[in-house]
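> For reference, the sequence and a predicted model appear below.
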Amino acid sequence: MRAPLVFLALALARAAKAPPARVGGACASVARPIVAAAPSAARAGARARARAGAALALALACVARAPPPSDAALAPPNALVAEAWRVVDRGYVERTFNGVDWFALRQARVGAKYGSAEDAYPAIRSMLAPLDDRFTRFLTPAQYASIDSAARGGVVGVGIELAPLPEPAGGVRVTRVIEAGPAERAGVRAGDVIVRVDQQELPPALTADEIAAQIRGPPGSRVVLTVRHAPANDAAAASGDTAGTDAGASVANLEMAREAVKLTSVRAFGARLSAASERPALVLEIRSFSSETPSQVEAALRSADARGARAIVVDLRGNGGGSLQGGIDAARLFLPDGATIVSVADRTGVPRVFAAENGGAIELNIPVTLLVNRDTASAAEVFAAALAENGRATIVGERTYGKGIIQTLVKLEQGGGGGVAFTTARYRTPRGNDINRAGLPAALAAADGGGGGGAGAERGEQSACLRSGGVGRAAAECVPAAALVQ
């Protein structure tokens, strides 16, 4: 009587390994080995019992996890919902989907009736909401196009960069205003909090990317930003220390026309570090990471401003990240061959290690200082950790944002060009640290910029050195002398 039990156990093991809920016909394919392997007439009773037990087990599995219907049989709006579910299902980093019944969410949303693709958008958002991951979200066609364009280094907008305000309040703060752009001409200032876009309130759950997508639009079209100005003399408010409180702030409705804005992510300046006896330095201001950033950094490192430099200051304040690959390739310019930059693990948990190669673009004995603040995030944190933990740079400023997860942007075939951004991986620094929601600590506080004048003045200068926004060569004044000992 042992043989039927052995084959039954084997069949059930195979049934457990197969994914009957998500592969059509899986239940039928598991049943065949049981029939083929069972003994013939001498053990008919055992064979019948084995068949019955296996059939019951398989029936229970199939009842619990029926394969989803083909998307081809669905109405277009329902097919859009199904496609969004399928994309996330195949790549989401958390294989348990944070404990939610992911399949049941699909069945409920796909089974509903929608008049159009637009009617299905709220259903997709409500399907993703139980994952409790603010970075996993559905994007309308306009939002997808906006984010994709920004990742390539150019947008049609008003010329501002944004950073999220601390949770749970939500919202965004302007960290940089592009010189001579529409926003600057209209009166937007670094440190302003955006309250409404075209008189529409901004829900706290919206990410900075989603708010930026609302602000962008066709060239020549107009947009009204309702902003809460930070008091002009309040360095703490401009740097985000107040999280956008109303104390002493004024609110203004500012109308402007959108235009093409070329986002140059890297600017280079020659400077002298007063903290180091006027040591000549190169200041690199990196506002974001895109596919163009590494070549721009390399060009800056080989520019006339870099010649004779005895120190390099990389200003990452307000850099919210961008392209992970851009951050990795930029880090390679500063590191020796073989140095670990970052390890990335997807839902399998198997890490993929990215290392430096082809030699750095600068001499390895030149000290590097990284200026960071609470708005330094994501790919900028990857870049900073790679240099700091390999002993190539000193982090100066304050603890960074702490975004240790990676999203993938996928364009959906259904629904006219929308997409899904969802978390597909986690990363660890070269020393194996998980910085998600923890950030990178600064090794040194920023210098007081030579302000002196007592504790109050020192606090003001400290806030100025932590403020996001392009200050060019003045960033050199924030580097303490201790950062140059390497």
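Nice, I can see it.

> quick one, domains of the chain?
Following automatic domain parsing, one gets these domains for the chain: 2-64, 71-132, 154-261, 266-484.

> Just say which of these is most tucked in.
domain 266-484 (a mean of 20; mean count of other CB atoms under 10 Å). In short, each C-beta sits where N, CA and C put it, glycine included.

> Let me see the ranges of the strands in the stretch 251-400 of the chain.
259-262, 266-273, 279-286, 312-315, 340-345, 351-355, 368-372, 394-397 (DSSP state E, counting those that start in this stretch).

> Ok, the stretch 101-250 of the chain next?
Applying DSSP E, counting those that start in this stretch to the stretch 101-250 of the chain gives strands spanning 137-139, 154-157, 160-164, 172-177, 193-197, 200-201, 222-229, 250-257.

> I figured G417 hits P141, correct?
Yes - G417 is within contact range of P141, at 3.9 Å (criterion: CB atoms under 8 Å).

> lowest-pLDDT helix or strand in this structure?
None of the helices or strands of the chain scores lower by mean pLDDT, DSSP states H and E than helix 26-37, at a mean of 31.

> mind putting the domains of the chain in TSV, distance to I147 included?
Listed next are the domains of the chain as TSV, based on distance: least, CB to CB, whole Å:
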stretch	distance to I147
domain 2-64	29
domain 71-132	16
domain 154-261	6
domain 266-484	7
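
> and these, which one is worst for confidence?
Out of the domains of the chain, domain 2-64 stands lowest, with a mean of 36 (criterion: mean pLDDT).

> from memory R176 sits against E161, does it?
Yes - the pair R176 / E161 is scored as a contact, 4.1 Å apart, by CB under 8 Å.

> List the residues that are in contact with both of these two.
Common neighbours of R176 and E161, using CB atoms under 8 Å, 6 or more residues apart in numbering, are R287, G318.

> which residues of the stretch 1-150 of the chain fall in helices?
Listed in chain order, the helices of the stretch 1-150 of the chain (DSSP state H, counting those that start in this stretch) span 2-17, 26-37, 44-64, 76-91, 102-110, 117-128, 141-151.

> re earlier: what's the closest of the strands of the stretch 251-400 of the chain to F97?
Smallest distance to F97 across the strands of the stretch 251-400 of the chain (CB to CB): 17.2 Å, for strand 340-345.

> and the nearest residue to V100 once chain neighbours are set aside, what is it in contact with?
In this structure, V100 finds its nearest non-sequential neighbour in P130, 4.3 Å apart by CB to CB, 6 or more residues apart in numbering. Applying CB under 8 Å, 6+ apart to P130 gives the contacts N98, V100, L105.

> what do you get for N319?
By CB under 8 Å, 6+ apart, the contact set of N319 is I286, R287, S288, F289, D375, T376, A377, A380.

> make it 6 Å
I286, R287, S288, T376, A380 (CB atoms under 6 Å, 6 or more residues apart in numbering).

> longest strand anywhere in this structure?
strand 419-428 (DSSP state E).

> Helix 141-151 and that strand, what's the angle between them?
Here strand 419-428 points in a direction 40 degrees away from that of helix 141-151 (axes from the mean of the first three to the mean of the last three CA atoms, to 10 degrees).

> and the angle for strand 419-428 with helix 117-128?
For strand 419-428 against helix 117-128, the angle by the same axes, to 10 degrees is 30 degrees.

> Now do stretch 189-207: distance to the chain's middle.
20 Å (CA atoms, centre = their mean, to the nearest Å).

> Quick one: end-to-end length of that stretch, please.
Terminal residues of stretch 189-207 are spaced 20 Å apart (CA to CA, to the nearest Å).

> With stretch 175-195 instead?
End to end - CA to CA - stretch 175-195 spans 15 Å.

> 37 is where my numbering starts, stick with that
Renumbered: residue one is now 37, and that last one reads stretch 211-231.

> check contacts around G344.
By CB under 6 Å, 6+ apart, the contact set of G344 is P316.

> Would you check how far apart it and V350 are?
Per CB to CB, to the nearest Å, G344 is found 18 Å from V350.

> now swap in I230 and tell me
Relative to V350, and taking CB to CB, I230 is found at 28 Å.

> For K298, list each beta-bridge partner.
G190 (DSSP bridges).

> Next one: it, what pLDDT does it get?
74.

> residues near it, how many?
By other CB atoms under 10 Å, 9 other residues sit near K298.

> Which residue ranges of the stretch 337-486 of the chain form helices?
With DSSP H, counting those that start in this stretch as the criterion, the stretch 337-486 of the chain has helices spanning 360-368, 415-425.

> So which of these is nearest R264?
Nearest to R264, of all those, is helix 415-425, at 25.9 Å by CB to CB.

> ok, of the contacts of P166, which one's closest to V389?
Nearest to V389 out of these is N134 (CB to CB; 26.7 Å).
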